[in-house]
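# Quick one, structure for this:
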Amino acid sequence: MNTIKAADFDPNFKFEIEKELGGEHLTKCFNCTGCTVGCPITEIEPTYNPRKAMRMAILGMKKELFESEIMWLCVSCYTCYDQCPQDVRITDVLNAMKNIAEREERMGHIKLESAKPAFDKEFVDSIKRHGEVYETGVVIAQIVKHQGIKRLFEYTSTGIFMFKKGKLSLIPKNIKGMKQIKNIFRVVRGEK
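Predicted coordinates:
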């Protein structure tokens, strides 16, 4: 078991989260467990605990939070949102934490261990390039990036089976209206 030292905590982390869009209600949390009791992810992954994420954030356990999978397991179903008597808006707070973590990684301050942010980026970039998700490209990119090219060949029979069933395409197709898609990204992300 790792020793946790309070001296290593970041007392300003909760304020950093509250300044981020969606994180405004973090310190309303009084750790009642309502969010965890209703969370469907806890049925599948018993170690997942949104209440724990809120507590870690309030205590300033920034490093521990960013090194864990806890933020990335949320599927944004908003069940916790409905369960919370304090209107903490847990899903939005978790998204604010994710935004901070991704920004910290882009600036080179941390290295995120979770594969989820890279998957999300590849997924969105696929939509940006083609107007819809090119599943084959996203899956190949994720396997190669996180498991290596050797592991990709282990999925060959599954890929061929899915291709024969019409579930995967070898060549991406761009939808009509790509100009509008690029415009959406330009406006939302401030891209050129």
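
# thought Val133 was touching Val124?
No - between Val133 and Val124 there is no contact under CB atoms under 8 Å: 9.0 Å. For every residue, glycine as well, the C-beta is placed using N, CA and C.

# Contact partners for Ala118?
Contacts here follow CB atoms under 8 Å, 6 or more residues apart in numbering; on that basis Ala118 touches 142, 145-146.

# Need the pLDDT of it.
pLDDT for Ala118: 85.

# what's Glu18 in contact with, if anything?
The contact partners of Glu18, by CB under 8 Å, 6+ apart, come to 24-27.

# which residues touch Pro172?
Counted by CB under 8 Å, 6+ apart, Pro172 has contacts 126, 129-130, 134, 136-137.

# any idea which helix or strand carries it?
Per DSSP states H and E, Pro172 falls between elements, in no helix or strand.

# Can you pick out the ones from the contacts of Glu18 that are in strands?
Using DSSP state E, the subset of the contacts of Glu18 located in strands is empty.

# Tell me where this protein has helices.
All helices of the chain, identified by DSSP state H, fall at 13-19, 34-38, 41-44, 50-59, 62-67, 79-83, 90-106, 116-130, 135-147, 149-154, 156-164, 178-189.

# For Arg186, give its distance to Val124.
Arg186 sits 14 Å away from Val124, going by CB to CB, to the nearest Å.

# Check what pLDDT the residue nearest the centre of the chain gets.
In the chain, the centroid-proximal residue (CA atoms, centre = their mean) is Trp72; its distance is 4.2 Å. Here the pLDDT value assigned to Trp72 is 91.

# ok, it to Gly177 distance?
Look at Trp72 and Gly177: by CB to CB, they are 31 Å apart.

# what's around Val182, how many residues?
Actually, residue 182 is Lys. It isn't Val. Close neighbours of Lys182, defined as other CB atoms under 10 Å, add up to 15.
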